[in-house]
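**Q** quick one, what's the 3D model for this:
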Amino acid sequence: MMAELSGGRNRSYTARRYHGPTSHVNPRWRPVVAVLPVVALIAGGWGFYAIWHTYASELHGASAGLRPSWLIAASVLWLATYVQLILLWAASFPWWGSRIQWFDGLRVFTLTNLTRYIPGTVWQFAGLAGMAKAAGASAVASSVGVILLQIVTLATGFAICLSATPRLLGSWAQDMSTNQQLLLAAALVALLVVAMPRLLPWIRRWTERVLKKPLPLPVPPTGPFAMYAVRVSLGWVGYGLAFWMLTHALLGDAAPSAWVAVTSYVASYMVGLLAVLAPGGLVVREGALVVLLTPSIGAQPALLMALAARLWQVGLEVVAALAVVAVDAVRRRRALARGA
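**A** Next up is the predicted model:
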């Protein structure tokens, strides 16, 4: 997705790989870069264990009727969506005058994303800055790129959720079909694409007043930003459809409809993002998902799906991080062999 660096930049990348991930890093970042992969994997593993240990009895009852084909399909779609959004984050670096190689983007994000299960946000943002710097990219671009992604994620998620609550739009929308709600969601996202570049300067000024420090939030070109917003929206749909497949894997014919599952998952995910004091949105997101699914499938199945979805997601995040670490080790050995 991202264009590879060329010329001298490619040679410096090979050298950096050969000498190790921290050899060209500012000394103040080296402890963060060195310890972060271990901390991230421990945090992800702890999150997985804590959820399973706390709710093992509730989750065990669902294993009898598990449909493996639906579970595999859900997992593949979720991972593909996850990777697509990480690459989208990496592709935004040029807006800050920086650049990161696509695999480095995967490595940095998959590891630092696990640290959000540690209370507070210091580990995640410190890790993003330190590991991006080690990869030869801008620490500012890595952190502010996540902030921009969160802004667009919340805005597009709100548009998708609004399309599923036609009663909020007035009596004329109460009898809308699912297809009409899909068209409404597309129209709201298109409106967002037009309005967001005009809103970003205001968002930057407001955030700077709250944080009391400059926020280098650029206004991207209209065309690239439109594609950016569309891909974030498709990311929501991918996550939502993966969750719907998961409900089929556990509930079978009792699963909710696709659009109910998608919009419930998106809305609960957004609530978890807004609950900044809850590590990874734990408990808050699950509670929202139970409330949203209960009218369609009942309270007990809704609770089961909320717990299973969290356990499933954390497990996939750990798998993705382990896969990237393994591939990175192979790449490093090959680089050392070429250097030798």
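
**Q** contacts and neighbour counts: CA atoms only from here.
**A** Will do.

**Q** only alpha carbons, please: show the strand or helix carrying Phe125 as CSV.
**A** In the assignment (DSSP states H and E), Phe125 maps to helix 122-134. Provided in CSV are the C-alpha atoms of helix 122-134 (Å, rounded to 0.1, in the frame of the first residue of the first chain):
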residue,chain,number,x,y,z
VAL,A,122,0.9,6.6,28.4
TRP,A,123,2.1,3.1,27.2
GLN,A,124,0.3,3.2,23.9
PHE,A,125,1.3,6.7,22.9
ALA,A,126,4.9,6.4,24.2
GLY,A,127,5.2,3.1,22.4
LEU,A,128,3.8,4.5,19.1
ALA,A,129,6.3,7.4,19.3
GLY,A,130,9.3,5.3,20.3
MET,A,131,8.7,2.4,17.8
ALA,A,132,7.9,4.8,15.0
LYS,A,133,11.1,6.7,15.7
ALA,A,134,13.0,3.4,15.6
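
**Q** buried stuff in it?
**A** 123-134 (16 or more other C-alpha atoms under 10 Å).

**Q** tell me how far it lies from the chain's centre.
**A** Its chain's average C-alpha position is 16 Å from that of helix 122-134, according to C-alpha atoms, centre = their mean, to the nearest Å.

**Q** try stretch 244-257
**A** Distance of stretch 244-257 from the chain centroid (C-alpha atoms, centre = their mean) equals 23 Å.

**Q** for it, which positions count as buried?
**A** Going by neighbour count (16+ other C-alpha under 10 Å), the buried part of stretch 244-257 is 244-251, 255-256.

**Q** which members of the residues you listed occur in helices, if any?
**A** Among these, the members falling in helices are 244-251 (criterion: DSSP state H).

**Q** dump those to CSV, plus distance to Arg204 and pLDDT.
**A** Formatted as CSV, these follow (distance: C-alpha to C-alpha, whole Å; pLDDT from 0 to 100):
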residue, distance to Arg204, pLDDT
Trp244, 36, 96
Met245, 38, 96
Leu246, 38, 95
Thr247, 39, 94
His248, 42, 93
Ala249, 43, 93
Leu250, 43, 90
Leu251, 44, 90
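
**Q** grab the longest helix from the chain for me.
**A** Max-length helix for the chain by DSSP H is helix 299-339.

**Q** one step back: which strands or helices does the helix holding Phe125 pack on?
**A** Applying 3 or more C-alpha pairs under 8 Å, 6 or more residues apart in numbering; DSSP states H and E, one finds that helix 122-134 contacts helix 30-60, helix 102-114, helix 139-163.

**Q** worst mean pLDDT among these?
**A** With a mean of 57, helix 30-60 has the lowest mean pLDDT of the helices and strands packed on helix 122-134.

**Q** how about the very next helix or strand once past that one: buried residues?
**A** Remark: after helix 30-60, the chain's next helix or strand is helix 68-91, criterion DSSP H and E. Across helix 68-91, burial judged by 16+ other C-alpha under 10 Å covers 70-71, 74-75, 77-79, 81-91.

**Q** what's helix 68-91 in contact with?
**A** 1-2, 99-102, 105-106, 109, 142, 145-146, 149, 228, 231-232, 235, 238-239, 241-246, 248-249, 316, 320 (C-alpha atoms under 8 Å, 6 or more residues apart in numbering).

**Q** buried subset of those?
**A** Among the contacts of helix 68-91, those classed as buried by 16+ other C-alpha under 10 Å are 2, 99-102, 105-106, 109, 142, 145-146, 149, 228, 231-232, 235, 238-239, 241-246, 248-249, 316, 320.

**Q** so where's the stretch 201-340 of the chain shaky on pLDDT?
**A** For the stretch 201-340 of the chain, the stretches with pLDDT under 70 are 210-211, 215, 276, 340.

**Q** what about the closest residue to Pro216 other than its chain neighbours, neighbour count?
**A** Leaving aside its sequence neighbours, Pro216 sits nearest to Val144 (C-alpha to C-alpha, 6 or more residues apart in numbering; 7.3 Å). Val144 is flanked by 20 other residues according to other C-alpha atoms under 10 Å.

**Q** also Phe225?
**A** For Phe225, the count of nearby residues is 18 (other C-alpha under 10 Å).

**Q** how about it, nearest residue that isn't a chain neighbour?
**A** Nearest to Phe225 is Val193, by C-alpha to C-alpha, 6+ apart, at 7.3 Å.

**Q** buried residues, the helix or strand in which that neighbour is found. List them.
**A** Assigned by DSSP H and E, Val193 belongs to helix 178-211. Neighbour-count burial for helix 178-211 flags 181-182, 184-186, 188-190, 192-193, 196-197, 200, 204-205 (criterion: 16+ other C-alpha under 10 Å).

**Q** kindly report the same for stretch 253-269.
**A** Buried residues in stretch 253-269, counting neighbours by 16+ other C-alpha under 10 Å, are found at 255-256, 258-269.

**Q** possible to save those residues as JSON lines with secondary structure and distance to Val283?
**A** Below are those laid out as JSON lines (DSSP: H, G, I helix; E, B strand; the rest coil; distance: C-alpha to C-alpha, whole Å):
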{"residue": "Ala255", "secondary structure": "coil", "distance to Val283": "22"}
{"residue": "Pro256", "secondary structure": "coil", "distance to Val283": "22"}
{"residue": "Ala258", "secondary structure": "helix", "distance to Val283": "24"}
{"residue": "Trp259", "secondary structure": "helix", "distance to Val283": "23"}
{"residue": "Val260", "secondary structure": "helix", "distance to Val283": "21"}
{"residue": "Ala261", "secondary structure": "helix", "distance to Val283": "19"}
{"residue": "Val262", "secondary structure": "helix", "distance to Val283": "19"}
{"residue": "Thr263", "secondary structure": "helix", "distance to Val283": "19"}
{"residue": "Ser264", "secondary structure": "helix", "distance to Val283": "15"}
{"residue": "Tyr265", "secondary structure": "helix", "distance to Val283": "14"}
{"residue": "Val266", "secondary structure": "helix", "distance to Val283": "16"}
{"residue": "Ala267", "secondary structure": "helix", "distance to Val283": "14"}
{"residue": "Ser268", "secondary structure": "helix", "distance to Val283": "11"}
{"residue": "Tyr269", "secondary structure": "helix", "distance to Val283": "11"}
